[in-house]
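>>> how would this look folded up:
(chains A and B)
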Amino acid sequence: MERFLPLIWRNAMRSKRRTVLTVSSIIVSLFLFATIRTVLTSFDASLETADAARLVTRRSTSLTFPLPLSYRDRLAQIPGVEAVTWSSWFGGVYIDERHFFMQLAVDPETYIPMYSEYVLEPKEIEDFQRERTACIVGEKLAAKYGFGHGDRITLQGTIYPGTWDFVVRGIARAPEGRDLDTNFMLLSWDYLNERIGNPGVVGIYTTKLSDPTRAGEVSRLIDATFANSAAETKTETEKAFQLGFITMLGNIRTVIFAIGTAIVIAIFLVSMNTMMMAARERTKEMAILKAIGFTDAAVLGLVLTESILIAITGGIVGTAFAKALFHFSDFTVGGFFPSFVVTWGTVARALGIALALGIISGAIPALNASRLRVVDAMRHTG
Amino acid sequence: MSGSDPFLDGLIIRLRGVTKVYLRGDVEVPVLAALDLDVPAGEFLALMGPSGSGKSTILNLVSGIDYPTTGGVWVAGIDLGELSSSQLATFRSRHIGFIFQSYNLIPVLTAFQNVELPLLLTGLSRKERREHVLAALEIVSLVDRMEHFPRQLSGGQEQRVAIARAIVTDPTLLVADEPTGDLDATSAADVLGLLQRLHAEFGKTIVMVTHDPHAAERADRVLHLEKGILVESQRRADR
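Coordinates of the predicted model:
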């Protein structure tokens, strides 16, 4: 095949403008594909922290309504519940609203053991539990803003008005090999509760089950316990709860997927048409090659290889561009995603699509070329 | 470049009872009618006749790019009717050198690369291919233009490159379809001189279709066709 490469290359570059435009359209479509799929994989990655052994209990009417702190002890007594913790959405603004990240007011004594998958030094945990203005930041957030131990973080409250100062006492890390969300900040619920006048309410409760297979049964038991009270509950697994967050945005996965697919297919069709036109223009040359001894298979191989070369070039550039762009820009859609990384799985799929595009768009002209009758192409009947 | 090997009874081409009928829609158009033809090794044969007389069809049949409707075609001792499509391609690469009226060079390849094309199908190394290409370009006196693209060459030069491409594999048979049809008189004379030299010096068997009596004069034998039938055969000595 190596000996045919100059011929394939020259043919591919026969019309530089057309080839550049074709490759560009493939670059754009595979960049879009990589981006769209990264949105979807980032959704999935955000569920990575969800543990099947944890349930989330919230107010049945809406997440925005709080639950009484008094539920804590009653939850702990429900059979199958091993541990209970709670948290409240803080919703402060750091610098300005563009610098969004999640802030949760948590109970340091119970929250840290509940989320033991995060790595923290004993000293960090101890400081967080002892100091009311201490906070823990995730390592990605720390890296993004350069937060270090002892640094002060000032937030402007939105749900809880006023200026709030915190001191970084710990940096939570994801264990080796796990893509956990570390774009968050934890602060003391006791401090929050005290500053807002001890209302004694929490956003959600998280309970740890002694047996994850009993999640459904325990959920029903919890909700039954608080049925007909002033604050009825809705309990679900942590994963279902996080999925619920995503579906609050509407069926965004489907919408993104549908729009993205439509764009990619449209561009693919244009690229295919261009490549097929390029091959059709060379019908006579194919006939010449066959006349001088190129077999049907050799001609098919030449046309197909050229098509694949163009498609793969576009695929590599488009995917590499997406990977590099999102890697170096630390793009997180304004903090919506814990991380926005083009995975190697996405890269492999994009290159697979490019290969398929090359094969599909090259197949028809390649088959036509291979079936071409030299005499017909030459149009000689003399 | 050596002369071709002698075959069986010294014939390069043997056509027996060849008919060819084309279909134009539902209409059958007979082009050749029970044609017999023998071409001995080393002969320079010219085919003449009006348009539609079947001369190019003969060329297509002996070069293995078309099949007869009935009858048999043997070239270099091979019964072409027995060969599959891929075997015919291999046959063409080994035995046939094509020279077309409109040169049919690949426009994106240089003269060197155009001449090299048939050699890509052989097992020759890059160095060996280069040697063969240079030898062929030397014969057509275009070594100095080998890096030129077809658009940078005159018509006569393009046709000489096409001839170099046709001879580079040292084929058994050269088939030339109106090789001077698109050329001015000077270039045509150059090309005909070249063909004559290939025939005389290298012993090449050449079958040439032409409308031009001056071109036909260069051949050993001239066959006249009319409506698919051989009507006259003239040898050089008879002219």
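>>> from here on, just use CA atoms for contacts and neighbour counts.
Fine.
>>> OK, contacts around the closest residue to residue A:112 other than its chain neighbours?
Leaving aside its chain neighbours, residue A:112 sits nearest to residue A:125 (7.6 Å; criterion: Cα to Cα, 6 or more residues apart in numbering or on different chains). The contact partners of residue A:125, by Cα atoms under 8 Å, 6 or more residues apart in numbering or on different chains, come to A:108, A:112, A:170.
>>> tell me, what's the model's pLDDT at residue A:125?
For residue A:125, the pLDDT comes out at 95.
>>> just checking: what are the partner strands of the helix or strand of chain B with the lowest mean pLDDT?
Sorting the helices and strands of chain B by mean pLDDT, DSSP states H and E puts strand B:229-235 at the bottom, at a mean of 81. Paired with strand B:229-235 in the same sheet, following DSSP bridges, are strand B:221-226 (antiparallel).
>>> list of residues touching the partner strand?
Residues from elsewhere that reach strand B:221-226 (Cα under 8 Å, 6+ apart): B:43-50, B:53-55, B:216, B:230-236.
>>> same deal with stretch B:128-138?
For stretch B:128-138, contacts defined as Cα under 8 Å, 6+ apart pick out B:112, B:115-116, B:119, B:143, B:146, B:161, B:164-165, B:167-169.
>>> again with stretch A:198-211
For stretch A:198-211, using Cα under 8 Å, 6+ apart, the contacting residues are A:53-59, A:63-70, A:72, A:75, A:80-89, A:114, A:193, A:215.
>>> in helices, which of those residues fall?
A:72, A:75, A:114, A:193, A:215 (DSSP state H).
>>> so the residue nearest to residue A:112: helix, strand or coil?
At residue A:125 the chain is in helix, as set by DSSP: H, G, I helix; E, B strand; the rest coil.
>>> quick check, the residue in the stretch 51-200 of chain A closest to chain B?
The nearest approach of the stretch 51-200 of chain A to chain B comes at residue A:177, 49.7 Å away (Cα to the nearest Cα).
>>> that residue: how many residues sit nearby?
Neighbourhood size, residue A:177 [other Cα atoms under 10 Å in any protein chain shown]: 6.
>>> what's the answer for the one 10 residues further on, then?
Other residues lying near residue A:187 total 27 when counted by other Cα under 10 Å.
>>> I'd say it and residue A:138 touch.
No - contact criterion Cα atoms under 8 Å: residue A:187 and residue A:138 do not qualify, at 11.8 Å.
>>> tell me where chain B has helices.
In chain B, the segments counted as helices under DSSP H are B:55-62, B:85-95, B:111-116, B:126-139, B:155-167, B:185-202, B:213-216.
>>> export those helices to TSV and append columns for mean pLDDT and distance to residue A:153.
Below are the helices of chain B laid out as TSV (pLDDT from 0 to 100; distance: least, Cα to Cα, whole Å):
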stretch	mean pLDDT	distance to residue A:153
helix B:55-62	93	86
helix B:85-95	93	77
helix B:111-116	96	69
helix B:126-139	95	69
helix B:155-167	94	78
helix B:185-202	91	88
helix B:213-216	89	96
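>>> residue A:121 is nearest to which of those?
Closest approach to residue A:121 among the helices of chain B is made by helix B:126-139 (65.8 Å; Cα to Cα).
>>> now that closest one: buried residues?
For helix B:126-139, burial by neighbour count (16 or more other Cα atoms under 10 Å in any protein chain shown) applies to B:129-130, B:132-137, B:139.
>>> count the neighbours of residue A:62 for me.
So residue A:62, with other Cα under 10 Å, has 10 neighbours.
>>> go on, residue A:95?
Residue A:95: 12 neighbours (other Cα under 10 Å).
>>> then residue A:328?
Residues contacting residue A:328 under the criterion other Cα under 10 Å number 8.
>>> what does residue A:319 give?
So residue A:319, with other Cα under 10 Å, has 28 neighbours.
>>> ok, now the one 5 residues further on?
The burial metric for residue A:324, expressed as a neighbour count using other Cα under 10 Å, is 13.
>>> could you look up the SS state of it?
helix.
>>> relative to residue A:229, how far out is it?
Distance, residue A:324 to residue A:229, using Cα to Cα, to the nearest Å: 53 Å.
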